[in-house]
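Trainee: Build me a model:
(2 chains)
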Amino acid sequence: MDCSYFRERINQYIDGEMGYLEVAELQAHLSFCPDCAAELAQVGEVRGALAAWGRLELAPPPGFAERVMAVVEREPVPGSRKPFGQAVDDTLQRLDDTLGRIPLPGGRTIPVKNLIGWGLAAVAVGIGLGRHRGRRSRELTPL
Amino acid sequence: MATSNPHKWASLPDPSLAELGRAGEGDAQAFKLIVERYQGMVYSVAYNVLGNHTDAEDAAQEAFLRCYRKLPQFRGEATFSTWLFRLALTASVDYKRREKRHPEPIETPEMVADAVPQLGEGIDAATIVAALHDLPEDYRVPTVLRDVYGLPYQEIAEATARPLGTVKVMVHRGRASLRLKLRAGGAGPAQGPAGAGPRSDA
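Mentor: Here you go, the predicted model:
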């Protein structure tokens, strides 16, 4: 087997997703292939650096905690909302998270759920108008 | 080194259930203590997932808002910091899915540290930030979740609403791209007013 076979498996090896025999096969190859061994070492080093980066604490911008509190203080006390209102809020939040937003010119965005809501409202108005016109035309038609 | 910059919150005990209870009952002062203690952790998660300061601040703010709303549901089954960390990750990934922002110039964030960390041989904070910034959007989030925060692939697939196999391919490609950039010095050092220096007021 050539090196490409083993290089494709280096990630599985690192993630601990290989069986015992596959590990033994890869380790045997690494013992006499300096290129593959170097690649494994480099991927390991990059992962180590990323993990170390993840342990660092970054400083938030000045005034961040105050801005958070300004938003929080406008919120109702947690759990004080009625279950129905809470359920509606949660559903709208989930819809927002699932459907996402559409970008507008100027860097602004609009929630997809709003577009769907407006579309449904337009359809409802259209149906209502259609029924109204149908009723009027029946009323005006001479028998 | 990384050990020279431990999480500020990690050295403090988790808030007691009584303190969390007061915050959950709307005591602003009690909640402010939580924000002040964990703002670095939440902001770090948001920055690493989103890759720029504007989005990171918005997402971190949303994470704290979700925390405030869900505090009455916290039962202490996990530690509070673990619970909040997951909230921050979810809020950041949701934000990424929802908002389509134009990329911003690279700017290395400031650290809550006394020393500029060295993360590996020839790899410092600015190099990592630049390399992550250059990653294609599709690779960045799964790679950060897997290799920066050590999440299992299955959990990443659920969080990003992508098939498990796709997530693995994205992480593998993300690693390959990072390896080439970091080993070849392909990622230029990040520029910005912040630099990689410590923040004196933190």
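Trainee: Where in chain B is the helix or strand with the lowest mean pLDDT?
Mentor: Least confident element among the helices and strands of chain B, by mean pLDDT, DSSP states H and E: strand B:118-120 (a mean of 69).
Trainee: right, and the helix or strand after it?
Mentor: Using DSSP states H and E, the helix or strand that directly follows strand B:118-120 along the chain is strand B:123-124.
Trainee: what about that next one, near chain A?
Mentor: Yes - using CB under 8 Å from any CB of the partner chain, strand B:123-124 reaches chain A at B:I123. Every C-beta, even on glycine, is put in place using the N, C-alpha and C of the backbone.
Trainee: tell me which strands and helices that strand is in contact with?
Mentor: Where contact means 3 or more CB pairs under 8 Å, 6 or more residues apart in numbering or on different chains; DSSP states H and E, strand B:123-124 is not packed against any helix or strand.
Trainee: For the helix or strand just after that strand, what is the distance to the chain centroid?
Mentor: On the C-terminal side of strand B:123-124, the nearest following helix or strand under DSSP H and E is helix B:125-134. Distance, stretch centre to chain centre, for helix B:125-134: 14 Å (CA atoms, centre = their mean, to the nearest Å).
Trainee: Helix B:125-134 vs chain A: in contact?
Mentor: Yes - using CB under 8 Å from any CB, helix B:125-134 reaches chain A at B:A125, B:I128.
Trainee: Could you pull up the residues touching B:R86?
Mentor: B:R86 sits next to B:A78 when contact means CB atoms under 8 Å, 6 or more residues apart in numbering or on different chains.
Trainee: low pLDDT regions in chain A?
Mentor: Applying pLDDT under 70 to chain A flags residues A:1, A:80-86, A:107, A:140-143.
Trainee: Quick one: the helices in it, in order.
Mentor: A:3-7, A:10-14, A:20-32, A:34-54, A:64-72, A:83-99, A:112-140 (DSSP state H).
Trainee: cool, and chain B?
Mentor: B:17-24, B:28-50, B:53-70, B:80-98, B:125-134, B:137-143, B:153-160, B:164-184.
Trainee: buried ones in stretch B:61-80?
Mentor: If you call a residue buried by 16 or more other CB atoms under 10 Å in any protein chain shown, then stretch B:61-80 has these buried ones: B:61-69, B:71-72, B:74, B:80.
Trainee: Quote the end-to-end distance of it.
Mentor: Terminal residues of stretch B:61-80 lie 17 Å apart, using CA to CA, to the nearest Å.
Trainee: Distance check, B:L182 against A:I14.
Mentor: 16 Å (CB to CB, to the nearest Å).
Trainee: Check A:P78 too.
Mentor: From A:P78 to A:I14 the distance is 42 Å (CB to CB).
Trainee: Name the residue in these two with the higher neighbour count.
Mentor: A:P78 (20 against 16; other CB atoms under 10 Å in any protein chain shown).
Trainee: show me the contacts for the more buried one.
Mentor: B:G24, B:E25, B:G26, B:Y68, B:R69, B:K70, B:L71, B:P72.
Trainee: ok, 6 Å please
Mentor: B:G24, B:R69, B:L71, B:P72 (CB atoms under 6 Å, 6 or more residues apart in numbering or on different chains).
Trainee: domains of chain B?
Mentor: Domains of chain B are assigned by automatic domain parsing as B:2-98, B:118-184.
Trainee: The longest one: how far from the chain's middle?
Mentor: Same thing as domain B:2-98. How far domain B:2-98 lies from its chain's middle: 11 Å, per CA atoms, centre = their mean.
Trainee: what does stretch A:35-49 give?
Mentor: The answer for stretch A:35-49 is 30 Å, by CA atoms, centre = their mean.
Trainee: now do stretch B:130-147
Mentor: Using CA atoms, centre = their mean, the offset of stretch B:130-147 from its chain centre is 12 Å.
Trainee: go on, stretch B:150-166?
Mentor: The answer for stretch B:150-166 is 17 Å, by CA atoms, centre = their mean.
Trainee: Greatest separation within the buried residues of stretch B:61-80: which pair is it?
Mentor: B:Q61 and B:P72 (20.2 Å; CB to CB).
Trainee: Which residue lies closest in space to B:R98, excluding its sequence neighbours?
Mentor: Nearest non-adjacent residue to B:R98, counting by CB to CB, 6 or more residues apart in numbering or on different chains: A:G100, 4.9 Å away.
Trainee: OK, contacts around the one you found?
Mentor: So, once contact is read as CB under 6 Å, 6+ apart, A:G100 ends up touching A:V112, B:R97, B:R98.
Trainee: And the most centrally placed residue in chain A, how close does it get to B:L71?
Mentor: For chain A, the residue nearest the mean C-alpha position is A:D97 (7.0 Å; CA atoms, centre = their mean). For A:D97, the distance to B:L71 equals 20 Å [CB to CB].
Trainee: Next: B:R175.
Mentor: For B:R175, the distance to B:L71 - CB to CB - is 37 Å.
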